[in-house]
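**Student:** Sequence isn't available, so here's the structure alone:
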């Protein structure tokens with residue numbers, strides 16, 4: 001297939017995904033597998049992937065900025081993609097779409113937990129994208145990754161995963177010729193300055209903190225509020241949070257649904273308990289509640305004040321509806337707190353910030369939004385940008401006689417072609 005034919009195949013994929021009957025089946029099945037809210041699934045598994053599939057291959061300001069020349073795309077050969085359990089079509093559209101468009105043979109590993117929805121992802125891909133296949137369900141992600149790194153025919157592997165386990169593969173990659181592209185977690189900060197519009201910042205805090213119920217690498221997980229407005233902010237935030245509607249995932253009115261992962265619930269409970277023991281105060285939530293009427297357990301949306309950078313709830317990914325708040329007195333105080341983090345995915349700032357702080361955020365985060373967030377209107381183009389800083393994203397590869405770890409922003413369309 002030539003470039004035009006591959007581009008047409010991606011368009012067909014988007015058309016099939018938009019089909020009402022097909023995506024309703026996928027949404028119901030994926031909801032059963034994950035417990036995610038149906039309205040969140042529609043955005044992450046249908047609406048956004050369709051937009052990406054329709055846009056990929058078009059020359060834009062973003063592709064030009066990253067030096068992507070559509071006419072110069074050349075296949076690497078064979079590429080493997082290890083998909084996450086959240087935002088599957090979102091990641092598939094970006095990674096598999098880019099690999100396919102560059103002309104690579106591509107093999108996909110789906111999470112084993114997709115007992116109901118896996119068949120729909122397979123149908124979508126196999127009916128539309130020649131030269132793309134799936135690894136068997138019975139192989140673990142760990143074995144799949146090891147096999148891929150050791151396979152001389154596989155030239156690149158894209159991994160969406162947890163930075164806590166990726167490091168064990170570094171020496172294996174060093175002994176190979178493969179390019180490993182890691183897309184990791186976030187710990188995104190929301191900064192609210194003294195002169196910010198508090199109501200706009202509050203709206204962003206709730207929407208960003210509850211992105212996919214908080215179970216997204218791009219959810220806001222750290223809330224830095226200027227000391228002059230922190231009391232007002234937290235009072236209003238608590239008022240909003242206690243009104244969030246808990247319900248069944250399939251209801252359009254539901255804002256907080258069940259968490260099916262016992263590991264996530266246990267982590268959230270432990271993080272909150274440790275923060276409380278270390279001086280944080282819970283304004284609302286902070287515990288798991290079993291609700292028979294919705295068929296599962298909910299981690300109640302939680303607002304904590306008096307947090308500091310050494311707490312696990314601030315250092316580690318939460319993956320739930322948690323709002324840990326830290327106050328700051330000056331930009332110098334703020335910078336020390338924001339910088340005390342192992343991740344650099346997205347950052348949002350409300351109000352006026354200095355040129356120095358702005359430059360720091362740009363140099364340490366993949367995307368920076370001013371008086372806006374990743375979910376804001378007009379920010380969709382930024383979702384095709386990948387990579388990150390620190391443990392949020394990097395590439396391991398050999399260049400001549402040097403083994404490199406490369407951080408920063410990137411486009412997979414460029415990384416997965418020669």
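**Tutor:** Thanks, I have the structure now. Small disclaimer: the values here were computed from a predicted structure and weren't measured.
**Student:** Confirm that residue 405 sits in a helix.
**Tutor:** No - with DSSP: H, G, I helix; E, B strand; the rest coil as the criterion, residue 405 is located in strand rather than a helix.
**Student:** right, and it touches residue 395 too?
**Tutor:** Yes - distance between residue 405 and residue 395: 7.2 Å, which falls inside the contact criterion (CB atoms under 8 Å). From N, CA and C alone the C-beta is placed, and that goes for glycine too.
**Student:** neighbour count winner among those two?
**Tutor:** residue 395 (18 against 12; other CB atoms under 10 Å).
**Student:** That one sits in which helix or strand?
**Tutor:** Secondary structure assignment for residue 395, by DSSP states H and E: strand 393-399.
**Student:** helices and strands of the protein: which one has the lowest mean pLDDT?
**Tutor:** Of all regular secondary-structure elements in the chain, judged by mean pLDDT, DSSP states H and E, the least confident is helix 61-65 with a mean of 88.
**Student:** What are the buried residues along the very next helix or strand once past it?
**Tutor:** Where DSSP H and E defines the elements, the next helix or strand beyond helix 61-65 is strand 78-82. Within strand 78-82, the residues that qualify as buried are 78-82, counting by 16 or more other CB atoms under 10 Å.
**Student:** Kindly report the same for stretch 255-269.
**Tutor:** Within stretch 255-269, the residues that count as buried by 16+ other CB under 10 Å are 255-261, 264-265, 267-268.
**Student:** centre of the chain versus it, how much separation?
**Tutor:** For stretch 255-269, the distance between its averaged C-alpha position and the chain's averaged C-alpha position is 17 Å (CA atoms, centre = their mean, to the nearest Å).
**Student:** From the rest of the structure, what touches stretch 137-154?
**Tutor:** Residues from elsewhere that reach stretch 137-154 (CB atoms under 8 Å, 6 or more residues apart in numbering): 77-80, 82, 107, 109-112, 118, 135, 157, 159, 161, 169, 172-173, 176-178, 180.
**Student:** gap between residue 246 and residue 34?
**Tutor:** Relative to residue 34, residue 246 is positioned 17 Å away (criterion: CB to CB, to the nearest Å).
**Student:** err, residue 42, not the other one
**Tutor:** Computed as CB to CB, the residue 42 to residue 34 distance reads 13 Å.
**Student:** List phi and psi for residue 413.
**Tutor:** Backbone dihedrals for residue 413, given as degrees, to the nearest 10, come out at phi -60, psi -40.
**Student:** Tell me how many other residues surround the nearest residue to it once chain neighbours are set aside.
**Tutor:** Once flanking residues are discounted, residue 413 sits nearest to residue 98: 4.2 Å by CB to CB, 6 or more residues apart in numbering. Residue 98 has 29 neighbours, counted by other CB under 10 Å.
**Student:** mind listing what residue 98 touches?
**Tutor:** If a contact means CB under 8 Å, 6+ apart, then residue 98 has 56, 411-413, 415-416 as its contacts.
**Student:** Please compute how far stretch 399-416 lies from its chain's middle.
**Tutor:** Here the centre of mass of C-alpha atoms in stretch 399-416, compared against the chain's by CA atoms, centre = their mean, lies 20 Å away.
**Student:** Quick one: mean pLDDT for it?
**Tutor:** Taken as a whole, stretch 399-416 has a mean pLDDT of 95.
**Student:** cool, and stretch 136-150?
**Tutor:** Stretch 136-150 shows a mean pLDDT of 95 in the predicted model.
**Student:** Surely residue 379 touches residue 368?
**Tutor:** No - look at residue 379 against residue 368 with CB under 8 Å: they stay out of range, at 10.8 Å.
**Student:** between these two, who's got more neighbours?
**Tutor:** residue 368 (19 against 14).
**Student:** Tell me how far the nearest residue to the more buried one once chain neighbours are set aside lies from residue 188.
**Tutor:** The shortest distance from residue 368 to any residue that is not its chain neighbour, by CB to CB, 6+ apart, is 4.6 Å, and that residue is residue 361. When distance is defined by CB to CB, residue 361 is 11 Å away from residue 188.
**Student:** With adjacent residues omitted, what lies nearest to the residue sitting nearest the centre point of the chain?
**Tutor:** Taking CA atoms, centre = their mean, the centroid of the chain lies closest to residue 217, which sits 3.2 Å from it. Beyond its immediate neighbours in the sequence, the residue positioned closest to residue 217 (CB to CB, 6+ apart) is residue 186, lying 4.4 Å away.
**Student:** Cool, thanks, signing off.
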